[in-house]
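[1] Model the structure of this input:
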Amino acid sequence: MSFSQAVSGLGAASSNLDVIGNNIANSATAGFKSSTIAFADMFAGSNVGLGTKVAAVIQNFNDGSTTTTSRGLDVALSGNGFFRMTDTSGAVYYSRNGQFTLDENRNLVNTQGLTVTGYPVSGTPPTVQTGANPVALSIPTTQMAARATTTATQVANLNSTSTIPSVTTFSASDVDSYNAKSTMTVYDSQGNDHTLDMYYVKTADNNWTVHAMDSTTGTSAGDFTLTFDANGGLTGINGGTGNTVNLTIDGSNGAAGNQSISLSMLGSLQQNTGTTTFGNPTQDGYAPGDLTSYAINDDGTITGSYSNQKTQLLGQIVLASFSNPEGLQSQGDNVWAATSSSGQAAIGLANTGTYGSLTSGALEASNVDMSKELVNMIVAQRNYQANAQTIKTQDQILNTLVNLR
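    Residues are numbered from 1 along each chain as shown. Here you go, the predicted structure:
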């Protein structure tokens, strides 16, 4: 019986070395989770055991260290979550390796070609459809469509000591017919830029008339009057509502005409500033743009950067969590599949619930502790040698018994 005991010990030690060797071999594999082997003794109606067996190979899902790569499609996962991926047949797999790339169809995939899934975007501007069925994420090369300007802001700091212009009839070409001028760029429905010039004419104390001109088309965008109180605060806009006024521009090159722009002058002042100044104008329109770069953010959103200096959401990576991650079945290629032991996957977003957190431009390293594995290797080697010595000793005993005369 001692032969079988020793043989089982040799097999157990060999299996232990297999696990240790696999851990060491994958010590540089991003997102790899090390394993340890569990043994159990064997009995068969006797107080003397029959040896040992491998009871289970237990995976260690503790986090690996996060290493910076500065690559836009690399993302490190910390905590209990997993990336959710699908193959061409629709089978679902889970991974911790955030080394993503693009395939020939510009789908976001891992290095084995499994497609990363997440929530899609829709609408203008695009917004993430949180809670929708996860779909394959992609990085489209389609151009960002132009957006017509609908709102704008301009803060004027008008000099109260300015005098009424000597030329009473306003003309944009006559600098003596106005006191100051501000300029902003706005866009029509096709993304054509228009230069919106606003000429400020002091007509009386605390009163200024503003002539808005679309210099691109050479047409008036509208006139209005600013009124101020004794402290120089803006009290209203005659020709508008409150602190806003609607201006109108005509589109160029076939763009929509009579485009309305709501201009806010909130915060404008008239005081003895020595000179009239203007704050930086803002507006919500933009020209069309081509995709120039893309990146995954810490919340799992994927954003594209465009040549018009704008960014746009392209999707958001979903994460999966399990009630018993150790019940997942390894499928090789650094992915796992759900089992009845792991339970069904719960789907959610990074930084919520038990889904963990993401770090963009980084990767989760293997959680293999090399020093620990080398010590375990020594122990497994000694274990193997001791079991081999048991066989040798039993052989010597049997040899002595056979040689009895």
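
[2] Could you look up the SS state of Tyr384?
    Here Tyr384 is helix, with the state taken from DSSP: H, G, I helix; E, B strand; the rest coil.

[3] show me what contacts the nearest residue to it once chain neighbours are set aside?
    By the measure of C-beta to C-beta, 6 or more residues apart in numbering, the closest residue to Tyr384 outside its immediate chain neighbours is Ala13, 3.8 Å from it. Glycine gets a C-beta too; all of them are placed from N, C-alpha and C. Counting by C-beta atoms under 8 Å, 6 or more residues apart in numbering, Ala13 makes contact with Ala380, Gln381, Asn383, Tyr384, Asn387.

[4] could I get these as a markdown table with distance to Phe322?
    As requested, those are exported to a markdown table (distance: C-beta to C-beta, whole Å):
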| residue | distance to Phe322 |
| --- | --- |
| Ala380 | 30 |
| Gln381 | 35 |
| Asn383 | 33 |
| Tyr384 | 35 |
| Asn387 | 37 |
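
[5] Filter these down to the buried ones.
    Among these, those classed as buried by 16 or more other C-beta atoms under 10 Å are Ala380, Asn383, Tyr384, Asn387.

[6] Check the secondary structure at Pro377 for me.
    No, residue 377 isn't Pro; it's Met. Here Met377 is recorded as helix under three-state DSSP.

[7] Leu17 is in contact with that one, correct?
    Yes - the criterion here is C-beta atoms under 8 Å, and Met377 meets it with Leu17 at 6.9 Å.

[8] if we can go back for a sec, from the buried ones among the contacts of Ala13, pick the one nearest Ser138.
    Using C-beta to C-beta, the shortest approach to Ser138 within these belongs to Ala380, at 46.5 Å.

[9] just so I have it, where are all the strands in the stretch 251-400 of the chain?
    Secondary structure of the stretch 251-400 of the chain (DSSP state E, counting those that start in this stretch): strands at 259-264, 269-271, 277-278, 282-283, 291-296, 301-306, 311-317, 319-321, 329-330, 335-337, 346-348, 357-360, 362-364.

[10] Which elements pack onto the first one?
    Read that as strand 259-264. Other helices and strands packing on strand 259-264, by 3 or more C-beta pairs under 8 Å, 6 or more residues apart in numbering; DSSP states H and E, are strand 151-153, strand 244-249.

[11] do you know which of these lies nearest Leu404?
    Across those, Leu404 has its closest neighbour in strand 151-153 (106.5 Å, C-beta to C-beta).

[12] Now the closest one: buried residues?
    Quick answer for strand 151-153 (16+ other C-beta under 10 Å): Ala152, Thr153.

[13] Least confident secondary structure element in this structure?
    When each helix and strand of the chain is scored by mean pLDDT, DSSP states H and E, helix 370-402 comes last, with a mean of 83.

[14] Return the set of buried residues in that one.
    Glu373, Asn376, Met377, Ala380, Asn383, Tyr384, Asn387, Thr390, Ile391.
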